[in-house]
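Peer 1: everything below, folded, please.
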Amino acid sequence: MKIKALSGVLGVAAFIAVAAGGLHPAVAQYPDRPLTVIVPFPPGGASDVTARLVSPKLSEQLGQSVVVDNKAGANGAIGAAAVKQAKPDGYTLLVGSIGVFGINPALFRDLRYDPLKDFDLLSVIVRTPNVLVVNPSFPAKTVGELVEYLKKNPDKVSFASSGTGSSDHLTAALFLEKTGATGVHVPYKGGGPAINDLVAGQVNASFQNLGAIVQQVRAGKLRALAVTSATRVPALPDVPTMAEAGVKDLEVYSWQAAAAPRGLPAAVKEKLVADLAAAARSPDVKAQFEQLGFEVVAGTGQQFDTFLAGEIGRWRQVIEAAKITVE
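Peer 2: Now for the predicted structure:
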């Protein structure tokens, strides 16, 4: 009886301590059930790969299962809207791309979510530069030669992309804006078909994620002219940066990030940010990301807030300048 009584006193004391610290008991026990990570694209893409690499480590740290749920459609808007409507308790997360967070708000007028208002931004998990690649039969062997060719042959060179408004499309639009050249945009339904036609010579050039084209470049099926990162990348050490190739202010990364519905308890948000970073930086997960051409960022929510505002503004300017619209 004394033990039970003491246990009861300790339970009350713990509750008082939690209350004094400003935490609801449910928050102090977080998480006490499985989490769901919504990926707003089909399985196999970069957002899906990111979620599935991080989730097992996140599960270990949280002590609960983490289930990945693919809700694809409308350029990621369906899955993002579902997360917006979820309860802000830390049990529903979103892992999405630059498109979901940084491009859609600038591209769609009737978007069903606002990433700066509807989400608690947790972390930019990984990033990867784009690579300007051409078919090996294309005459230009450097960025300078490509720009010269573009200006001598206006609106004749085709730039493949994974879709209208995609990161690779907007990078090409920014490249043409910076160089004062023109080209023809050829959108595909995904990066895979675009790369296949580029290898086959059906289109001339493209800006594709490093991990998507590195094997084709190494095999001689594509020629890499420049990377859009600030420095050269280990996977393609002989390929110059855009700045080295003479095109300034064309530093572009395609990135993957995590968010939750707006209104998370502060302690839950803090825990998720810390655990996401630890999961992404764990040696085995980091090594797998690097094999795929990704650099682990694992930044904070505050860093994500500042970064995202700049990204939306940047791509809105590119979209307006190039008069890019979607049906």
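Peer 1: could you tell me the end-to-end distance of stretch 105-122?
Peer 2: Counting by CA to CA, to the nearest Å, you get 18 Å between the two ends of stretch 105-122.
Peer 1: now find how far off-centre it is within its chain.
Peer 2: 15 Å (CA atoms, centre = their mean, to the nearest Å).
Peer 1: how about that stretch, which residues are buried there?
Peer 2: 105, 106, 107, 111, 113, 115, 118, 119, 120, 121, 122 (16 or more other CB atoms under 10 Å). (Each C-beta comes from the backbone N, C-alpha and C, glycine too.)
Peer 1: what's the answer for stretch 53-73, then?
Peer 2: 53-55, 57-59, 62, 64, 66, 68, 70-72.
Peer 1: got it, and stretch 205-220?
Peer 2: 205, 206, 207, 208, 209, 210, 211, 212, 213, 214, 216, 217.
Peer 1: returning to that earlier point: could the buried residues of stretch 53-73 go into JSON lines alongside pLDDT, distance to residue 31 and secondary structure?
Peer 2: Listed next are those as JSON lines, based on pLDDT from 0 to 100; distance: CB to CB, whole Å; DSSP: H, G, I helix; E, B strand; the rest coil:
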{"residue": "53", "pLDDT": "97", "distance to residue 31": "20", "secondary structure": "helix"}
{"residue": "54", "pLDDT": "98", "distance to residue 31": "16", "secondary structure": "helix"}
{"residue": "55", "pLDDT": "98", "distance to residue 31": "13", "secondary structure": "helix"}
{"residue": "57", "pLDDT": "97", "distance to residue 31": "15", "secondary structure": "helix"}
{"residue": "58", "pLDDT": "97", "distance to residue 31": "10", "secondary structure": "helix"}
{"residue": "59", "pLDDT": "97", "distance to residue 31": "10", "secondary structure": "helix"}
{"residue": "62", "pLDDT": "96", "distance to residue 31": "5", "secondary structure": "helix"}
{"residue": "64", "pLDDT": "97", "distance to residue 31": "5", "secondary structure": "coil"}
{"residue": "66", "pLDDT": "98", "distance to residue 31": "9", "secondary structure": "strand"}
{"residue": "68", "pLDDT": "98", "distance to residue 31": "16", "secondary structure": "strand"}
{"residue": "70", "pLDDT": "95", "distance to residue 31": "22", "secondary structure": "strand"}
{"residue": "71", "pLDDT": "95", "distance to residue 31": "21", "secondary structure": "coil"}
{"residue": "72", "pLDDT": "91", "distance to residue 31": "26", "secondary structure": "coil"}
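Peer 1: ok, those vs residue 266, which is closest?
Peer 2: Nearest to residue 266 among the buried residues of stretch 53-73: residue 62, at 17.2 Å, using CB to CB.
Peer 1: where's residue 200 relative to residue 66, distance?
Peer 2: Applying CB to CB, to the nearest Å, one obtains 40 Å for the distance of residue 200 from residue 66.
Peer 1: ok so, going back, reformat the buried residues of stretch 105-122 as a markdown table; add distance to residue 248 and pLDDT.
Peer 2: Formatted as a markdown table, the buried residues of stretch 105-122 follow (distance: CB to CB, whole Å; pLDDT from 0 to 100):
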| residue | distance to residue 248 | pLDDT |
| --- | --- | --- |
| 105 | 26 | 96 |
| 106 | 22 | 93 |
| 107 | 25 | 93 |
| 111 | 32 | 95 |
| 113 | 34 | 97 |
| 115 | 29 | 97 |
| 118 | 35 | 98 |
| 119 | 33 | 98 |
| 120 | 35 | 98 |
| 121 | 29 | 98 |
| 122 | 32 | 98 |
